[in-house]
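J.: Got a predicted structure plus its sequence, pasted below:
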Amino acid sequence: MASWLVSTVALTLSLVTYVSSPNANLIGGSLNLASLLAVFGTLVAVSFRASRDGEGVVFNSFQKKCLVASSLITVLWIFIVWVMKGTGFIPNLLTQLLLIISYSMLIIKFWKAEKNTESLFTWWCVFIASAIAIYTAWKKNDVLALVYALRSTIMCGILVYVLHRLEWKNKN
């Protein structure tokens, strides 16, 4: 749940910084918006399931460290955007850092896992959409969308590899 929480906050901040940039456009921000809706939906579903099953939310030490780091980055983002009136590049990079932290939690979880509970098809779709977004951002010379798409493609690629590794490990 920690990774979905950090992702929801980061994707919200990322979308806000992107929309406030002078080069913002619907196509450039579409991957960010789609990601936010999917991740928020997942967070709601995971929270509902945990509540329904009577499970408390427990974070391991790595997740706690990630949540603390994410909180500090979010405070810095708020300071830069609201206090210093900064928009665009630096706040967007901070949100990409939050998303790297979020993906890292998922990657480590599945690196240590015994069973794959994720849909490979879904993550492959995210990877392909991210790779396509690199091209569209590059063609439009949209630096913020390009940074987002590159980070998404790289982190999704690593996650897809880890999920496939888990599948291969279970077949043998």
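T.: Sure thing, it's come through.

J.: any idea which helix or strand comes after whichever helix or strand residue 102 is part of?
T.: According to DSSP states H and E, residue 102 maps onto helix 89-112. Once helix 89-112 ends, the next helix or strand along the chain (criterion: DSSP H and E) is helix 120-139.

J.: Now tell me what touches that following helix from outside.
T.: The contact list for helix 120-139, computed with Cβ atoms under 8 Å, 6 or more residues apart in numbering, reads 27-28, 30-31, 34-35, 143, 145-146, 148-150, 152-153, 156-157, 159-160, 163-164, 167. C-beta coordinates here come from the backbone N, C-alpha and C atoms, glycine included.

J.: quick one: buried residues of that helix?
T.: Neighbour-count burial for helix 120-139, counted by 16 or more other Cβ atoms under 10 Å, picks out 123, 126-127, 129-130, 133-134, 136-137.

J.: follow-up on the earlier one: would you show me how to pick out the buried ones of the contacts of helix 120-139 in ChimeraX?
T.: The buried subset of these, as determined by 16+ other Cβ under 10 Å, is captured in ChimeraX by this line:
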select :28,31,35,143,145,146,148,149,150,152,153,156,159,160,163
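
J.: quick one: which of the contacts of helix 120-139 sit in helices?
T.: Among those, DSSP state H puts 27-28, 30-31, 34-35, 143, 145-146, 148-150, 152-153, 156-157, 159-160, 163-164, 167 in helices.

J.: burial measure for residue 151, as a count.
T.: Neighbourhood size, residue 151 [other Cβ atoms under 10 Å]: 19.

J.: just checking, it touches residue 102?
T.: No - counting by Cβ atoms under 8 Å, residue 151 does not reach residue 102; the two are 10.8 Å apart.

J.: rewinding a little: pull the distance from the helix holding residue 102 to the chain's centre.
T.: Centre-to-centre, helix 89-112 and its host chain are 6 Å apart (Cα atoms, centre = their mean, to the nearest Å).

J.: now that helix and helix 120-139, what's the angle there?
T.: Following axes from the mean of the first three to the mean of the last three Cα atoms, to 10 degrees, one obtains 160 degrees for the angle between helix 89-112 and helix 120-139.

J.: May I see the buried residues of helix 89-112?
T.: For helix 89-112, burial by neighbour count (16+ other Cβ under 10 Å) applies to 91-99, 101-110.

J.: Can you name every helix or strand that it contacts?
T.: Packing contacts for helix 89-112, counted by 3 or more Cβ pairs under 8 Å, 6 or more residues apart in numbering; DSSP states H and E, involve helix 2-19, helix 61-78, helix 143-171.
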